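>>> Everything below, folded, please.
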Amino acid sequence: MSKSYQSLSSCLETESEESIKISIAKRSEEKREIYHFRYEIYVEEMSKQLTEADHTNKLLYDDLDEQGLLLCAKVGSKIIATARINIGPVTNFPPILISQLSLDVFQNHKNSLNFSYCSKLMVAPSYRNSAAVYLLIAKCYELSYANNVSFVFVICNFHLIRFYEKMGFHRFGGNYFIPGYGLMTPLVFSMDDIQHLRVIRSPLFRIARKNNSPNLQKANWFHEKFVSASHIINSQLVTKDELWSTLCNRLGFMPTKGITLLKSLSVEEAKNFLHCCGTIVQCNPGNIVTKQSNISYSYDTLISGKLRSLTFINPVKEYAISGQHFGANGLTEHELHNETIETVDTSEILVLSGINFRKFLYSNLDAAHKIIRTIHG
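You can find the predicted model right below:
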């Protein structure tokens, strides 16, 4: 086993919910402490190349902080996680965010007065196995409910899609590239869709079910309005057999036959692995799917379509074979991408999340070791 996975398998700090305190930063000193924490995570740990960061003072903040609520998770006096939530009518949000989140479309729903946008959610490395992230999202839910919010929005990289879908969010729009952050996808949480939270066993269900008379009309409106989202395969709604069948049909062969990463696995092991770690993502022409020198947090495989390298252009380097791996290994390591790759046409990608592979490792040790050996030889 690689050194990184020896440390990955080791015990992380798992503080109970009772020892983690969530608060809203109000004093300027508290906010500055959060800005510095953000810098440590995004710039120093994750090596994000953020031009807007204050590199002199090691602070990361932007205009949304002015009206946003800055949430802080602490154990004692130590910050272990943070998030930001902006709540208000569509006019409170900048034009670029209104476009990215299609807020004008949601605004047309007669009962949509306030929206919530959750961002800058991050957790210190040694606490990523704790309850901190759930407690922050639960606080965002409570604040949204208290302010009569119908829809809560987030934007995330592909390797985090499964996490947000587990909370109860839905993908609904196109992807877009944000310099320094990479290719992002928008997701939305319908506050009144209690049935969905129950079906997927969302951690938020126990809070949501306490609310009085959810408005099912709002929940149904989203599903009816965003019919284009019907092609999206929600990682929490698809069974492992359904996912396997879908991949067989779209690839034109069994995944264990054409995806090198799966070659040493039995069909049942591959099904479990794909269902635990995989997300199918559709990309539009011109999407930058990997950026040279950015850290990879997933292991990506082409399902359909065509990609091309913007780094190696003489001769032209393309990816057009179903089942072909591209980009750096972010499943068992956090390697740097050595090329920038964009989609040539509409393409589908199988994203295998390194975050979810940790969970798979603990419960499927033999299969996980086969995958590690395949990657590292």
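
>>> Isn't residue 204 up against residue 196?
No: using Cβ atoms under 8 Å, residue 204 is not in contact with residue 196, being 10.4 Å away. (C-beta placed from N, C-alpha, C; glycine too.)

>>> what about the stretch 151-300 of the chain, any weak spots by pLDDT?
212-213, 215, 227-230 (pLDDT under 70).

>>> can you give me the helices for it?
Secondary structure of the stretch 151-300 of the chain (DSSP state H, counting those that start in this stretch): helices located at 161-167, 194-200, 205-208, 216-225, 240-251, 255-258, 267-277.

>>> related to what we said a few turns ago, so for residue 204 and residue 196, which residues contact both of them?
Taking Cβ atoms under 8 Å, 6 or more residues apart in numbering as the contact rule, the neighbours common to residue 204 and residue 196 are residue 168.

>>> just so I know, which of the helices of the stretch 151-300 of the chain lies nearest residue 58?
Each of these has some distance to residue 58 by Cβ to Cβ; the shortest is helix 161-167, at 27.1 Å.

>>> The closest one: which residues count as buried?
For helix 161-167, a neighbour-count test (16 or more other Cβ atoms under 10 Å) marks 161-167 as buried.

>>> what would these look like in TSV with distance to residue 362?
Output for those, formatted as TSV (distance: Cβ to Cβ, whole Å):
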residue	distance to residue 362
161	21
162	16
163	17
164	22
165	21
166	17
167	21
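
>>> State the pair within those residues that is farthest apart.
Within the buried residues of helix 161-167, 161 and 167 form the most distant pair, 10.9 Å apart (Cβ to Cβ).

>>> just to revisit the earlier point, as JSON lines, the helices of the stretch 151-300 of the chain with distance to residue 289 would be great.
Below are those laid out as JSON lines (distance: least, Cβ to Cβ, whole Å):
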{"stretch": "helix 161-167", "distance to residue 289": "14"}
{"stretch": "helix 194-200", "distance to residue 289": "27"}
{"stretch": "helix 205-208", "distance to residue 289": "33"}
{"stretch": "helix 216-225", "distance to residue 289": "27"}
{"stretch": "helix 240-251", "distance to residue 289": "17"}
{"stretch": "helix 255-258", "distance to residue 289": "20"}
{"stretch": "helix 267-277", "distance to residue 289": "18"}
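
>>> mind checking which of the ones you listed is nearest residue 283?
Nearest of the helices of the stretch 151-300 of the chain to residue 283, taken as Cβ to Cβ: helix 161-167 at 12.7 Å.
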